[in-house]
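[1] Got a predicted structure here, sequence first:
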Amino acid sequence: MSVRRTNSQKQILSLLKQLQGEINAQDLYVKLRERGETLGLATVYRGLKALKLEGTIQERVSPTGESFYSLISKDHQHHLNCVGCGRSLSLDICPIEQQLIELCQAKNFQIFYHTLEFFGLCHACQNQQPN
Ligand SMILES: [Zn+2]
Ligand SMILES: [Zn+2]
């Protein structure tokens with residue numbers, strides 16, 4: 001698949017590569033402006049959507065409904081999301097079995113990435129629960 005990217009998409013990608021983590025669209029927009037880029041927020045959203053469709057970046061929606069974007073990489077992370085305070089703890093391992101990946105591929109589905117999220121209460125929030 002040949003990919004032709006717009007300038008704004010290239011700028012978004014280069015920033016995401018530099019960050020090596022996830023970022024929301026608003027912060028991404030601010031960082032691009034700091035770099036002297038003159039993209040509008042709507043262009044940032046459009047660029048993120050195009051890169052997502054292309055299978056280059058992934059979107060994670062936090063418990064507070066906010067979207068975070070990051071480059072798709074082999075050493076991705078899964079999260080434990082606290083519904084109490086909205087914090088996300090990252091898991092160091094990927095529990096997805098190779099067998100499951102193969103099962104999806106057997107359906108002739110091209111997998112860009114997968115997500116696995118856990119929701120509950122963090123240690124601090126558990127202690128705040130009335131008995
Ligand atoms: Zn919490
Ligand atoms: Zn995984």
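    Perfect, thanks for sending it. Ligands and ions are numbered 1, 2, ... in the order given.
[2] Distance check, residue 87 against residue 65.
    Look at residue 87 and residue 65: by C-beta to C-beta, to the nearest Å, they are 14 Å apart. For glycine as for every other residue, the C-beta is placed from the backbone atoms N, C-alpha and C.
[3] Likewise for residue 53?
    Going from residue 53 to residue 65 by C-beta to C-beta gives 21 Å.
[4] These two - which one has more neighbours?
    Ranked by neighbour count (other C-beta atoms under 10 Å), residue 53 and residue 65 place residue 53 first, with 10 against 7.
[5] how about the residue of the chain found nearest ligand 2, secondary structure?
    The chain approaches ligand 2 most closely through residue 94 (3.2 Å), counting by C-beta to the ion. Of the three states, residue 94 takes coil under DSSP: H, G, I helix; E, B strand; the rest coil.
[6] That one: neighbour count?
    13.
[7] Tell me which residues touch it, please.
    By C-beta atoms under 8 Å, 6 or more residues apart in numbering, the residues touching residue 94 are 76, 78, 116.
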